[in-house]
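J.: sequence below, structure please.
(chains A and B)
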Amino acid sequence: MILEIHNLSKTYPNGVQALKDVTLTIPKGMFGLLGPNGAGKSTLMRILATLQEPDQGSIQLGDIDVIRQKEEVRQTLGYLPQEFGVYPKVSAESLLDYFAILKGITERRARKEVVEALLRQTNLWEVRRQKLGGYSGGMRQRFGVAVALLGNPKLLIVDEPTAGLDPAERVRFLNLLSELGENSVVILSTHIVEDVSELCTNMAIINKGEILLEAQPLQAVAELEGRIWRKLIEKHTLPYLEQEHQVISTKLLSGRTMVHIYSHEAPGHGFELVVPDLEDVYFSTMAGYYSASHHKVVAP
Amino acid sequence: MKFWAIFRFEFTYQVGRPWPWLFVMVLLVLTFLMTRDGSLSEVLYSEFFLNSPFAVAKTTVFGSLIWLVMAAAIAGDAAARDVETRMYPLTYTTPVSRTNYLGGRFLAALALNALILLAVQAGILLGVYLPGVDAELTGPFRPAAFLTAYAIIALPNALAATAIQFSLAARSGRAMAGYFGSFLLIFMGFFVAALLLYHRSVGTLLDPIGVRFIVEDVAHLWTPTEKNWRLLGMEGIVLQNRLFWFSIALVTLAFTYLSFRFAHRTEGIWWWRRKVKRYDNTPVEAGIGARQGAPIFVPAITRTFGLATHARQTAAIAWASFRTVATSWGGISLLVALPLLTIPVVLDQMESRGVPLVPNTIYVISELTGSLSDELSRWVIIPFLIVFFAGELVWRERDAGLGEITDAMPGSEWAPFLGKFLGLGFVLVAFLALQTMAGIIAQVILDYQGFEIALYLKIMFGLQLTEYLLFALLALVVHVLVDHKYIGHLVAIIAFVFIAMASLFGIEHNLLIYGAGPGWSYTEMRGFGPTLAPWLWFKGYWAAWAVLLAVMARLLWVRGKESGLRVRLQLARRRFIGATTWTAAVAAGLILVLGGFIFYNTNVLNEYLTSSEVKERQAEYEQHYGRYAGIPQPQVSATRLHVEIYPVRREVEIRGTYSLVNSTTEAIDSIHIATMPGIETEALAFDRPAARVLADEELHYRIYALKQPLQPGDSIQLDFQVRMKPRGFRENGVDASVAENGTFFTNAWLPAIGYQKSRELILASDRREHHLTQRPLIASLYNVEARKKRAGGKTTFDAVIGTDEGQVAVAPGELRRTWAEGSRRYFRYSTSAPGHEYAFFSAGYAVHETLWKDSTADSARNISIRIFHHPENTAQLESMVQTIQASLDYYTAQFGPYRSSHLTFVERPGNGMGMHAEARRISYAEGFSHWMPKDEPGSLDVPSAIVAHEMAHQWTVPYANVEGAPVMSESIAWYYAMKLFEYDRGPEQFRKLLSWMHEPYRREIRQGEPLLRGLDPYMSYRRGPFALYTMSEYVGEDQVNSALRRLLEKHRQQDAPLATTLDLYRELQAVTPDSLQYLLHDLFEVNTYWELETERATATQTEAGTWQVTLDVQARKLVSDSAGVETEVPMNDWIQIGVFAKGDELKEPLYLQKHRIRSGTQTVKVTVPREPARAGIDPHYLLVDQEAGNNVAELKME
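T.: This is a model prediction of the structure:
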């Protein structure tokens, strides 16, 4: 099953254009949607999750028209929104059971089995009888995952799922997602580059509603080979450096500033070539030196 | 500084939101309409200026009631916004003190509410001063009227309500808790205050809204002049009430202030937070997957998405919704507090006028149910709670932050909508089940075992539940469509106001008012009778609308983030497929079919007139035919009827003949006949040539010109045929007069001779509107014309009345003969005095027969007494017969002979308690049989008192229909009853009766005239009987009784004019010595009040062993004019001084003598032989004293 998005646009009533003519093809497997806050990620995710209407464009999931055949999409959808709450007075087990019914698992025994499996998978089995009001942020997030996984979704949309997780949980969660990606389309939106680099086979970078890059992470990184240079500088020299070089990112390192620049040739002045990573791809793209449309390097 | 910043921010924030403006708009419109609405003056039978202090206060009360139910969001939002928006970690950590934070927020909400409530006054001003108002109804502009209403009613209400709403919202962190605060206040006003209404002042004190003291007290106690001019004062019960709620507000605020903390709010449980949570943040090993790296295994389950799944989803949501509501504070109030409180309410209400009632099921049910359209019933809290729950349910997922997850789940929008509706429905079913249990428990407590479970089920779960469910669906749909919590609440409340007070908006037809329909009725005799069928048709019609509304809700259900109307409509178009389309089509079809059928019944088969059309007709009647009002017309001297009652078919056919005699002095050339609307009157024919010159079928007026005029003294015969045949049902239901068991109708169905003045418009504003000259409610006492006798000569009445074989039919007169013909049974009655108004009955009666021997008559004769009663209602018979015989004994001896050989009592269907006397016949409603006087010496036998009173009406003087008429009939009859009790029932019952009659008469409406011109219930049932009683104590019973006897004798004469209070007064004057003429004047000619008080009472024993009692008494005499203005007049009156021994109560005094008492303080000394205990002035309250209770004092020994 392939998810195809064509010329999708969405403008909010207050004039903000959240999506501009977005076209994407998302194959089976993990797909990372990378972009800064406010880039339009959540809008795109919600449209895919049938919760919002685009102004223009079409979305096709296999042979389902996502915009018009919402019910069919929902029957095969797992959705974990960026922010969600719970009924504080209800226990995890009974709420998951309730959602299982809503997801169409009406047979009592099957439901019991699924609920138990999911609670065990998400390590909530021990606390299944607790009221959700007493759950910590991580526990709640895991509960959300359990809900999203109900009914073996063919399309799983997870919106910034790792934000509330501690490092260990994050790793395990990503593992879980990658396993699911073996059979389904899993779309992960995030602003954390590592999330994508670690597990996505395909990705897109979105900013201000536009897709800047649609690529496979490894290939994109390979294409940047030999173009990213770095130098450790004093902070006050940064403005001069920016005038001379295409700075794509700066980072503090032991009190001094590490600068990455984009350059086809060796810039000299103590710059050293670095082996690029996905972060460099991201920043180069965001800075406009690396682009989605022709996968080619734009001359400065 | 910070305080002001917080205040200003809160104030400007809310002013910038749409809802305060919507509240203002709604208040403006509703108070405008209420100001223009004349229904209250119709109820009170008197007009008052639209801008009089009373009218302004009344509208202010209802305006603030509406404000209370719709505007709780202001205080709620101010208190809970930070928590609800999860912004509180930012605000709580700023260096702001609790005082500034809470104070600023609260005062901003209060200020905003106070400003919003100004809209009430503005609405009234617009109502009064915009064009379109009857100029006569606008009094001079008095700012004080508006200011006092605002300051005394609106502002304190705003303070108390804002404080409670704010506190609940602050405590729970949820703005909607403010509405729960409103619920509590309404609960106090309508439930608790109503429960305590019997203890009047307590109820009035506890009412937080002011409904009780304006609607119950002021509306009834102020005279019309006072209603126009008197300002509402901050005094008495009003002051106490306001102080009470002011303190409640302060206590609530103090409590909130003290318990408020700038602290983290743990994820809340609705309404409150448990202090200790066992599981709070129990650490759980982080990790996903039982073991890292273990393969993910989620069992593959086949899912189905058919109808069964939808049903299962709906059921799951229904159950979850039920649990949410049932475990919330509102749900606990509904399902626990209300049923528990209902038990004492039922126990309290199972009495009438101080006497217990048999708690049979229909009486208990009538306390448990209420029509949705009765906005002053205690059950008005149910629709309010329904609106509140509907909002909570519609917003449940989104409030919890689960909206996006659930919205992305499969299934149509039907499941959540229907699930929530069913959940709310279960709550209502549970509520009604618990109410039923409460009713049964109350019956058990009252030691009653005749539970009619089937009746409970039918009414509670058939009739009442339907009303609630229809409204619940509407409330849900409104919340779904509006998609904003506060505004949804507002719109739903407006919908309720519209349903309850549709006439305010000029809409009357039940086909146009959601959920409305004709009411049902149930009595033991009639059962539901024919009332259920139209009820069902209307509810079916509204159920079809409800389905259509549900379709709308489904189509416009907000799922996901798109709440713009355009997108919702787009989605709706896409959702309008398959079953939804079919459902909508079927619902629309049903609406058309049922609506068409109902319309055919109400507007085609029957004539439907709006209330203004009815008035129009009345006006036309007068405009067209009023000129015939005074023309000479013959009078009915004999009536012969053949009545056929068909109870099962609910038909009546009457063939009759009137003998009409010209008792005027002029020849009559045309005869005018009024027929009855809704009744077919046919075959009118005279026994001499006559031509019909006019037949106005709309105004029911016919004129027949006689070929040869009817000469004075001559007579003519009129044959007629009258048919009552139900044709479907009317907009207000069916005429249940003819029922399978319990037929009851009056001679109003028969044609009447001449112009009928009673069909004219009465209310002054209606008459002005139709350009009719004003007419008094009743002719002046000094109108000599009105005293002339209506009917000259004897009238005779002879009727054969037939009914089904199992039934007994009753007509006026004595039963002469009864026989059977086929499956019908016939009765012949005749009398020489049927009276002007009489009724016919038919039911499966049992007859209780007895005789009374008239020993006063020259030749001892027997009077037959028949009581036609519902076979099961026998409890009262014995005591009725006793009282009837005692009445006959005493009244014939004292006031004159009983002038007939028969006396009939008939039980008529109806749950009322009343008795009604006509000539030789008294009818009583079924309820009367359910009185259960306590068989103990201390309790008054009220039913017997009423029988004695109705019996006394058989001696009522033929009186003129002028001012003072109710005094002539009711006051004198009650005086008779008092005297009968004094002689027949002993001093104990007599004293009880006196003090019962001293109790304020419920719903008394005071007009302010003196007794001679008295019309209102206070005059006729309270002041009048006591004036006669007082005279009998001062002048002597024999004198007063003989005066009454003479009055009766004079006016019973064939040609005597009709009596008025002036004749009564003259007779009383004749028996009153000169020294007491002043008293007669004080009691009858002016409204005199005495203020008598024993300030100090001491006693010393003399050397002779007797006791000297010294009383310091204070006396004042006041005369109040019709405007309620009291003027003190000097007094030097004879007033009783009484001294009583210990334990004697007031029965046997040691001393009881009249003394001359002046105005002011004075000392009275008397000597008594034995040791006294109490003493006082006017101990038996012979003089009208508004502040009773301080006349007698305990003696201090010296």
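J.: residue closest to the middle of chain A?
T.: residue A:189 (1.6 Å; CA atoms, centre = their mean).
J.: would you say it is within a helix?
T.: No. Checked against DSSP: H, G, I helix; E, B strand; the rest coil, residue A:189 lies outside a helix; its state is strand.
J.: and it, what is it in contact with?
T.: Counting by CB atoms under 8 Å, 6 or more residues apart in numbering or on different chains, residue A:189 touches A:32, A:33, A:34, A:35, A:41, A:42, A:44, A:45, A:82, A:158, A:159, A:160. For the C-beta atoms, the positions are set from N, CA and C on the backbone; glycine is no exception.
J.: ok, residue B:370 next?
T.: Counting by CB under 8 Å, 6+ apart, residue B:370 has contacts B:377, B:378, B:379, B:380, B:382.
J.: now the buried members of those.
T.: The neighbour count (16 or more other CB atoms under 10 Å in any protein chain shown) marks B:377, B:378, B:379, B:380, B:382 as buried among the contacts of residue B:370.
J.: re earlier: quickly list what the residue nearest to the centre of chain A is bridged to.
T.: Note on residue A:189: beta-bridge partners by DSSP bridges are residue A:33, residue A:159.
J.: what are the boundaries of the helices in the stretch 101-250 of chain A?
T.: Remark: helices assigned in the stretch 101-250 of chain A by DSSP state H, counting those that start in this stretch are A:108-121, A:137-149, A:167-180, A:193-199, A:217-223, A:238-244.
J.: state the mean pLDDT of the third one.
T.: Think helix A:167-180. Per-region confidence: helix A:167-180 scores 78 on mean pLDDT.
J.: ok, now the first one?
T.: Taken as a whole, helix A:108-121 has a mean pLDDT of 90.
J.: nearest to chain A: which residue in chain B?
T.: Closest residue of chain B to chain A, CB to the nearest CB: residue B:401 (2.4 Å).
J.: burial of that residue, as a residue count?
T.: Residue B:401 has 15 neighbours, counted by other CB atoms under 10 Å in any protein chain shown.
J.: and the one 5 residues further on, by the same measure?
T.: Neighbourhood size, residue B:406 [other CB under 10 Å]: 20.
J.: tell me the secondary structure for the closest residue in space to it that isn't next to it in sequence?
T.: In this structure, residue B:406 finds its nearest non-sequential neighbour in residue B:397, 4.8 Å apart by CB to CB, 6 or more residues apart in numbering or on different chains. Following three-state DSSP, the label given to residue B:397 is helix.
J.: next one: residue B:657
T.: When classified by three-state DSSP, residue B:657 comes out as strand.
J.: wait, doesn't it sit right on residue B:717?
T.: Yes. Counting by CB atoms under 8 Å, residue B:717 is a contact partner of residue B:657 at 5.7 Å.
J.: those two: who's more crowded?
T.: It is residue B:657, of residue B:657 and residue B:717, that has more neighbours when counted by other CB under 10 Å, with 17 against 14.
J.: ok, that one - contacts?
T.: Residue B:657 is in contact with B:638, B:639, B:640, B:641, B:717, B:718, B:719, B:720, counting by CB under 8 Å, 6+ apart.
J.: just the buried ones among those, please.
T.: With neighbours counted by 16+ other CB under 10 Å, the contacts of residue B:657 contain buried members at B:638, B:639, B:640, B:641, B:718, B:720.
J.: show me those residues that map onto strands.
T.: Mapping the buried ones among the contacts of residue B:657 onto strands (DSSP state E) picks out B:638, B:639, B:640, B:641, B:718, B:720.
J.: and which of the residues you listed is nearest residue B:870?
T.: Of all these, residue B:641 has the smallest distance to residue B:870: 25.0 Å, by CB to CB.
J.: for the closest one, give me its contacts.
T.: With CB under 8 Å, 6+ apart as the criterion, the residues that contact residue B:641 are B:654, B:655, B:656, B:657, B:750, B:797, B:798, B:799, B:800, B:801, B:811.
J.: what is the neighbour count of residue B:552?
T.: Applying other CB under 10 Å, we find 15 residues neighbouring residue B:552.
J.: one more: residue B:754?
T.: When neighbours are counted by other CB under 10 Å, residue B:754 registers 18.
J.: residue B:672 is in contact with that one, correct?
T.: Yes. Contact status for residue B:754 versus residue B:672: in contact at 5.3 Å, counting by CB under 8 Å.
J.: identify the contacts common to the two.
T.: Listed as contacting both residue B:754 and residue B:672 by CB under 8 Å, 6+ apart are B:628, B:631, B:633.
J.: filter the residues you listed by proximity to chain A?
T.: Here nothing survives when the shared contacts of residue B:754 and residue B:672 are matched to chain A using CB under 8 Å from any CB of the partner chain.
J.: so residue B:710 sits against residue B:633, correct?
T.: No. Taking contacts as CB under 8 Å, residue B:710 lies outside contact range of residue B:633: 9.6 Å.
J.: need the overlap of contacts for those two.
T.: Residues touching both residue B:710 and residue B:633 by CB under 8 Å, 6+ apart: B:668, B:671.
J.: put the buried members of the shared contacts of residue B:754 and residue B:672 into a PyMOL selection.
T.: Applying 16+ other CB under 10 Å to the shared contacts of residue B:754 and residue B:672, the buried members can be selected in PyMOL as follows:
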select buried, chain B and resi 633
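J.: can I get the shared contacts of residue B:754 and residue B:672 in JSON lines with distance to residue B:534?
T.: Putting the shared contacts of residue B:754 and residue B:672 into JSON lines (distance: CB to CB, whole Å) gives the following:
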{"residue": "B:628", "distance to residue B:534": "37"}
{"residue": "B:631", "distance to residue B:534": "41"}
{"residue": "B:633", "distance to residue B:534": "39"}
